[in-house]
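Engineer: model the structure of this input:
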Amino acid sequence: LVAALLTAGTWWGLDSYRQHRDYYTDDRQLRRTGPGRECVGVTAEAYPFAPGLEDVLGRIASENRDARHSGKPVVSVAVVMPYTARDPGAAMTKELIRHSLQGAYVAQHAHNHGPGTGDTAVQLLFANVGEDLSHWPPVTGALTARRGGEAPVVAAIGFPNSDDATLAAVREGLGPARIP
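Structural biologist: Below you'll find the model as predicted:
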């Protein structure tokens with residue numbers, strides 16, 4: 001009996017580990033993938049993708065929480081881009097990533113607190129497609145799944161350039177879901 005329980009417990013533990021080992025977050029929205037084990041996916045919560053982004057990611061996450069507790073209907077705008085730049089050939093530099101996030105935050109804050117806010121609040125989604133943009137299929141799939149329900153995705157911003165990966169993400173990933 002003890003041997004059977006140990007075997008079953010070990011099997012369950014290993015199975016659970018295999019199902020969760022590649023996820024960075026408890027809600028399983030961000031996943032390690034690729035040879036560099038990059039963290040990709042979509043989340044509204046701040047995650048330390050790279051050093052130097054903590055402050056702006058934290059401000060956006062705080063504004064997201066405020067939007068969700070504002071009492072207004074919430075819509076989501078995805079900031080689709082790389083959130084890391086470890087390799088020299090990365091699609092965006094660390095500085096460009098930071099500046100892009102800062103600009104997105106300023107626009108979000110202006111909408112949520114400005115005179116033209118109207119009856120909606122905006123939350124930003126961190127949508128990391130990888131530093132070489134190659135992880136766009138699972139990210140655009142996750143965004144497509146968020147088109148309905150609470151805080152539906154209404155737009156995607158942040159694509160760094162018009163290369164083949166960006167165009168494919170828009171044409172094949174976001175286009176069929178009608179996400180501008």
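
Engineer: which parts of this structure are strands?
Structural biologist: Per DSSP state E, the chain carries strands over the ranges 30-33, 38-43, 74-81, 121-128, 153-157.

Engineer: render the CA-only coordinates of the second one in CSV, please.
Structural biologist: Yep, that's strand 38-43 we're talking about. Output in CSV follows, covering the C-alpha atoms of strand 38-43 (Å, rounded to 0.1, in the frame of the first residue of the first chain):
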residue,chain,number,x,y,z
GLU,A,38,12.5,33.8,-23.1
CYS,A,39,9.3,34.7,-21.2
VAL,A,40,6.5,35.3,-23.8
GLY,A,41,2.8,35.6,-23.6
VAL,A,42,0.1,38.1,-22.5
THR,A,43,-0.6,39.5,-19.1
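
Engineer: just want the angle from it to strand 121-128.
Structural biologist: Counting by axes from the mean of the first three to the mean of the last three C-alpha atoms, to 10 degrees, strand 38-43 lies at 160 degrees to strand 121-128.

Engineer: what strands line up against strand 38-43, and which way round?
Structural biologist: strand 30-33 (antiparallel), strand 121-128 (antiparallel) (DSSP bridges).

Engineer: redo the strands of the chain as a markdown table? Include mean neighbour count and mean pLDDT.
Structural biologist: Yep, even glycine has a C-beta here, placed from its N, CA and C like the rest. Below are these laid out as a markdown table (neighbours: other C-beta atoms under 10 Å; pLDDT from 0 to 100):
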| stretch | mean neighbour count | mean pLDDT |
| --- | --- | --- |
| strand 30-33 | 18 | 59 |
| strand 38-43 | 23 | 82 |
| strand 74-81 | 23 | 93 |
| strand 121-128 | 24 | 93 |
| strand 153-157 | 18 | 92 |
